[in-house]
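Undergrad: Turn this into a structure:
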Amino acid sequence: MNLNNVNNNQNCDLSPSNNGPFNKLLQSKIDRLKNRRNKVQLGTVSFDSPLLLAPMSAIGTAPFRRLMEDLGAGGTVSELISCHGINYKNHKTREMLLLSPHEKNVGLQIFGEGAEAMAQAAQVVQEYGPKFIDINMGCPVRKVVGTGAGSSLLKDPSILPHFFKTIKKSIALPLSIKIRTGWDEASINALEIVHIAREEGIEFVAIHGRTRAQQYEGQANWEIIEHVASNAALPIIGNGDLNKIKTIQNRMQVSHCRALMLGRGPLRDPFLFLTPYIEKDEAITFNGEDIFEVIRVLLRYNREHLEWQALRPEAKIDPAMDHKLNINIRKHLIWLAASFQHVATFREMIFKTQSVDESLKIAEDFFKDERNSKRRDITDDTFMTSGHG
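TA: Okay, here's the model as predicted:
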């Protein structure tokens, strides 16, 4: 299925726009490319584009998800959230369920090993107003798998009908799942799980093209993903190694998947939901100043979200909030700087900062340096190979 049907009748004028959070020059480029996206329907859930943001632990927060939607993501999924933390009314866990009022196509992802506990948590989750609820069946990290959750659920498909049915009947929202191709190379069972999911009313399935045994190493197996997408009665979202513009463009043209899910790629290139829509020989580029504008907006979204949280009756004021916000912004700065010159010196300076304002000043000098008007290709570099989603 061709996911890249560009509507050439859209107005592609590069005139300034006041309809977004970015400066006029950047917003005009974003608007031009956004107008080329096509909506996609996955079961009863609609998205503004077939390019979606994957769930990532400690990354897929409400401010980041909001930013990615502004930058062209057709929809987003939260970081994985423990059903037990929800059920025990853990304050920090419940805070992870809070959506930004500006988010549009967002799903909240939960994980756990027991059908009844997951169903109880799902009932709470739907009260927070997501568009859908997603079950994590792909996280490979030991602390999740060791409890029987995450990708451990792939080991015994016989338990899944009851698992899905119990959760599904407890909520009114659409339910989706995210899986891997299997537990290991000897037990590739994604298609079997998709068949079970369909029978129990799951709306769509996202498949990461690695086994649990692979963790995040090696290459995603797109042959398996495409085989499942070609033979499944449910809409399939393909996920894995979609970090190059040409790779995404090619996959959009030939894939049997109904949508594609981008994870680590946008952390280094936040325009990756848009650049696949750039036409051949078209002079649309994103430079260091554009990256700094993205950081500026992300910082504003984080501050707005914290202020909004503080207004809630159950809010707890954290005296170390600025320090924690600085740590959060620093990691994004490091990821975004990876494709520029002199990044080693920049990283060293950023790691020493003590405040958000200090980090922002160093970042502004770095990204607005004329030597950083162009980015280098780092898409073959490996990073974040530990558990994140």
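
Undergrad: which element follows the helix ranked longest in the chain toward the C-terminus?
TA: Longest helix in the chain, counting residues (DSSP state H): helix 288-310. Later in the chain than helix 288-310, the nearest helix or strand by DSSP states H and E is helix 321-337.

Undergrad: Identify the residues contacting that next one?
TA: Residues from elsewhere that reach helix 321-337, judged by C-beta atoms under 8 Å, 6 or more residues apart in numbering: 267-268, 270, 291, 294-295, 298-299, 302-303, 306, 318, 343, 346-347, 350-351, 353-356, 358-360, 363, 366-367, 383. To be clear about C-beta, it is placed using only N, CA and C from the backbone, and glycine gets the same treatment.

Undergrad: Give me the helices and strands touching whichever helix or strand comes after that helix, please.
TA: Per DSSP H and E, the first helix or strand lying C-terminal to helix 321-337 is helix 343-350. Applying 3 or more C-beta pairs under 8 Å, 6 or more residues apart in numbering; DSSP states H and E, we find helix 343-350 packed against helix 321-337, helix 356-367.

Undergrad: Let me know which of those helices is the nearest to Ile86.
TA: Closest to Ile86 of the helices and strands packed on helix 343-350 is helix 321-337 (C-beta to C-beta; 22.0 Å).

Undergrad: Return the distance of that closest one from the chain's centre.
TA: What separates the centre of helix 321-337 from the centre of its chain is 18 Å, taken as C-alpha atoms, centre = their mean, to the nearest Å.

Undergrad: For it, which residues meet the burial criterion?
TA: Within helix 321-337, the residues that count as buried by 16 or more other C-beta atoms under 10 Å are Leu325, Asn326, Asn328, Ile329, Arg330, His332, Leu333, Ile334, Trp335, Leu336, Ala337.

Undergrad: Switch those over to a markdown table; also include distance to Glu217 and pLDDT.
TA: Shown next, in a markdown table, are these (distance: C-beta to C-beta, whole Å; pLDDT from 0 to 100):
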| residue | distance to Glu217 | pLDDT |
| --- | --- | --- |
| Leu325 | 32 | 94 |
| Asn326 | 31 | 95 |
| Asn328 | 26 | 94 |
| Ile329 | 28 | 96 |
| Arg330 | 26 | 97 |
| His332 | 24 | 97 |
| Leu333 | 26 | 97 |
| Ile334 | 21 | 96 |
| Trp335 | 19 | 96 |
| Leu336 | 24 | 96 |
| Ala337 | 24 | 95 |
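
Undergrad: now, which of these sits nearest Gly209?
TA: Trp335 (22.1 Å).

Undergrad: Next, find the distance separating that closest one from Leu52.
TA: Separation of Trp335 from Leu52 (C-beta to C-beta, to the nearest Å): 19 Å.

Undergrad: go on, Ile362?
TA: Using C-beta to C-beta, Ile362 is found at 33 Å from Leu52.

Undergrad: So for those two, which sits in the more crowded spot?
TA: Leu52 (27 against 17; other C-beta atoms under 10 Å).
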